[in-house]
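Undergrad: Got a sequence here, can you build the structure:
(one chain, ligands or ions: 1)
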Amino acid sequence: MKSSLIQNNLSADLPAIESAQGVWLTDTRGKRYLDACSGAVVTTIGHGNPAVIAAMAEQAQHVTFTHRGAFTSVQTEQLADRLAALTGYAGVWFVSSGSEAVEAALQFALQYFREIGQPERQWFLSSSQSYHGNTLGGLSLSGHARRSVAGELAHAFHTLPTPYTYRDSAGLSESDYADALLVLAREQFVEHAHHLAGIVIEPVGGATLSATVPPAHYLVGLKSLCEEFGVLFIADEVMTGLGRAGRMLASDHWGIKPDLVATGKGLGAGYTPIAATLVSERVISAIEQGSGRIQGGHTYAGNPLSIAIASAVIEVLVSEDLVARGARMAVYLREQLENLAASHPVIGDVRGVGMLLALEFVQNRETREVTLPQGQLGRRVAAAALRHGVIIYVATGGFNEAAAVSPPLTISTEEIDYLVAGLDLALSEVESQLL
Ligand code: PLP
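TA: Numbering: from 1, shown residues only. Just a heads-up that it's a prediction; the model follows:
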């Protein structure tokens, strides 16, 4: 019987997952899959962690919901303090999804400028190829195939260049490429100077281009532009944040301290819908000294059950030193992916930082060309990998054929070997059909 469940692909026949443990998922037919992309780059600490499950059960015995506007709790304040200490931010605003964390960052920026007497600053800039969420603010910022669903409701904020060394740097040195991008960025700052509130940047490209790392001083240059033009730097670290990219925040790699940071996936790590906007002293003190009140919020934001679960997730992340562990294991994984590239011409590029790695696929490695219709090559590789028991996360932005390889930070070397062996078979299969 056909289910009433509405899925993205209405005719999809997806496997139904029954259980999960560590990096493994098992479907209702008993087939096991290695979750080589942590779902949608979510499950940093792996599936089925007993400490998190115990915290979930324990909290459920006490209280699962109170309204954020009426009550706080010791645990909520402790989690905020812990996140603030781990990331170096003054304030933490809880929400329930990455999209909401981005929306909240936009609203904090708008309020900041109202509070300091510059209400005309209401415009944002983001990268031409980017993904910032499925809400109207997020889609307005996104240079992604998905923004079409919002039609005229979405603003076109995505006018900054996108660092994409593999396809865009035209043989320039890393430094010259960053300079060239910064010239284009400056033009946008100048054009919008009178009404610019902030820029919203994924420090490492995520769902749109897959793990694209900016050239060395690009983000530092953007931060300087923000300071010159009095604009807020908002980092969208929904995918990269809380350990995924090998540091607590990916921005730390470049010594950048954004004014606002959206975090998400790694906070609930697949155990509960929770996300948070990190707010700098500059922004929160302007609000404290101004109206002293934040408009907005969501009913389920910071509910006690999600707070207890996220507290347990962060405890596992810190006590097991998973950020450093993930960074170490990522070195091994990257070596193995580079070995794969040496024998598989369909791999055009291996890239990324920390445990946010990706492969870009091509049909001609010399020319970097893809002749199949957009989206098909990446999906073919992912489908072949799935048949061989390995799940990778295909970029859906509409610009390339790439897929994230971003397993939980807990993955072992043996599991990486399994992952790579499955990919090896999948790539051979695709190559035998195409090349
Ligand atoms: N921002 C970035 C960088 C993301 O990668 C995502 C999700 O993939 C989002 C925002 C939206 O997060 P969510 O799907 O939790 O709303």
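Undergrad: which parts of the helix or strand harbouring Ala276 are buried?
TA: Following DSSP states H and E, one finds Ala276 within strand 275-279. Residues of strand 275-279 classed as buried: 275-279 (neighbour count, 16 or more other C-beta atoms under 10 Å). Where you see a C-beta, it was placed from the backbone N, CA and C, and this is true even at glycine.
Undergrad: Which strands and helices lie in contact with it?
TA: helix 74-87, strand 91-95, helix 98-115, strand 260-263, helix 265-268 (3 or more C-beta pairs under 8 Å, 6 or more residues apart in numbering; DSSP states H and E).
Undergrad: and the angle for the first one with strand 91-95?
TA: It stands for helix 74-87. 120 degrees (axes from the mean of the first three to the mean of the last three C-alpha atoms, to 10 degrees).
Undergrad: May I see the buried residues of helix 74-87?
TA: Across helix 74-87, burial judged by 16+ other C-beta under 10 Å covers 75-76, 79-80, 82-84, 86-87.
Undergrad: Now pLDDT and distance to Thr413 too, for those, in CSV please.
TA: Shown next, in CSV, are those (pLDDT from 0 to 100; distance: C-beta to C-beta, whole Å):
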residue, pLDDT, distance to Thr413
Gln75, 96, 36
Thr76, 97, 38
Leu79, 98, 33
Ala80, 98, 36
Arg82, 98, 30
Leu83, 98, 31
Ala84, 98, 35
Leu86, 98, 27
Thr87, 98, 30
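Undergrad: Take the helices and strands packed on strand 275-279 and write them to a markdown table, including distance to Ala216.
TA: Putting the helices and strands packed on strand 275-279 into a markdown table (distance: least, C-beta to C-beta, whole Å) gives the following:
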| stretch | distance to Ala216 |
| --- | --- |
| helix 74-87 | 23 |
| strand 91-95 | 30 |
| helix 98-115 | 25 |
| strand 260-263 | 21 |
| helix 265-268 | 25 |
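Undergrad: Tell me which of these sits nearest to the ligand.
TA: Between the ligand and the helices and strands packed on strand 275-279, the shortest gap by C-beta to the nearest ligand atom is with helix 98-115, which sits at 2.3 Å.
Undergrad: So for that closest one, mean pLDDT?
TA: For helix 98-115, mean pLDDT rounds to 98.
Undergrad: Return the distance of Leu136 relative to Leu125.
TA: 17 Å (C-beta to C-beta, to the nearest Å).
Undergrad: which bits of the stretch 201-350 of the chain sit near the ligand?
TA: 202, 206-207, 236, 238-239, 264 (C-beta under 6 Å from any ligand atom).
Undergrad: which among the residues you listed gets closest to Phe157?
TA: Asp236 (12.3 Å; C-beta to C-beta).
Undergrad: got the contact list for the closest one?
TA: Asp236 sits next to 98, 102, 105, 130, 132, 141, 200-202, 262 when contact means C-beta atoms under 8 Å, 6 or more residues apart in numbering.
Undergrad: about what we covered before: distance to Ser319 added to the residues of the stretch 201-350 of the chain next to the ligand, as TSV?
TA: Below are those laid out as TSV (distance: C-beta to C-beta, whole Å):
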residue	distance to Ser319
Glu202	29
Gly206	27
Ala207	30
Asp236	28
Val238	24
Met239	24
Gly264	22
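Undergrad: more crowded one of Leu136 and Leu125?
TA: Taking other C-beta atoms under 10 Å, Leu136 and Leu125 do not tie; Leu125 has more neighbours (24 against 15).
Undergrad: List the pairing partners of the helix or strand that contains the more buried one within its sheet, with orientation.
TA: If you go by DSSP H and E, Leu125 is part of strand 123-126. According to DSSP bridges, strand 123-126 forms sheet pairs with strand 196-201 (parallel).
Undergrad: Measure how the strand it pairs with sits relative to helix 98-115, angle-wise.
TA: Using the same axes, to 10 degrees: strand 196-201 against helix 98-115 is 160 degrees.
Undergrad: Going toward the C-terminus from strand 196-201, what's the next helix or strand?
TA: Scanning forward in sequence from strand 196-201 by DSSP H and E, the next helix or strand is helix 218-229.
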